[in-house]
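Q: whatever this is, show me its structure:
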Amino acid sequence: MPFGKYAGRTLAQLPGHYLAWFAREGFPKGELGELLELMYTIDHNALRHLLVPIKSMH
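A: Purely as a prediction, here's the structure:
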């Protein structure tokens, strides 16, 4: 996350309540907004477990 309270964290590390706030208030424009919206969808549908294989690559 490039700005705000969670600056420096990966998008996968953002808490659900923060992602839900963006969903209510509006996602930023561009690629960051698209990725935040995707992360919100993953979190909202309880699919974070799908990110485990990706996280283990780092």
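
Q: distance from the chain centre to the helix or strand bottoming out on mean pLDDT in the chain, please.
A: For the chain, the helix or strand with the lowest mean confidence is helix 52-55, at a mean of 82 (criterion: mean pLDDT, DSSP states H and E). For helix 52-55, the gap between its own C-alpha mean and the chain's C-alpha mean amounts to 14 Å (C-alpha atoms, centre = their mean, to the nearest Å).

Q: got it, and stretch 3-22?
A: In terms of C-alpha atoms, centre = their mean, the centre of stretch 3-22 is found 6 Å from the chain centre.

Q: ok, and for it, which residues are buried?
A: Buried residues in stretch 3-22, defined by neighbour count with 16 or more other C-beta atoms under 10 Å: 11, 14, 18-19, 22. Placement of C-beta: from N, CA and C, glycine included.

Q: same deal with stretch 21-41?
A: Residues of stretch 21-41 classed as buried by neighbour count (16+ other C-beta under 10 Å): 22, 27, 36, 39-40.

Q: most widely separated two among those residues?
A: For the buried residues of stretch 21-41, the farthest-apart pair by C-beta to C-beta is 27 and 39; their separation is 10.0 Å.

Q: verify the stated contact: residue 35 with residue 11.
A: Yes: in this structure, residue 35 is within contact of residue 11 by C-beta atoms under 8 Å, at 5.6 Å.

Q: and which of the buried residues of stretch 21-41 is nearest residue 53?
A: For the buried residues of stretch 21-41, the nearest to residue 53 is residue 39 (16.0 Å; C-beta to C-beta).

Q: correct me, but that closest one touches residue 15?
A: No: contact between residue 39 and residue 15 fails when scored by C-beta under 8 Å: they sit 10.6 Å apart.

Q: name the element the residue nearest to residue 27 when sequence neighbours are not counted belongs to?
A: The shortest distance from residue 27 to any non-neighbouring residue, by C-beta to C-beta, 6 or more residues apart in numbering, is to residue 33 (3.7 Å). Using DSSP states H and E, residue 33 sits within helix 30-44.
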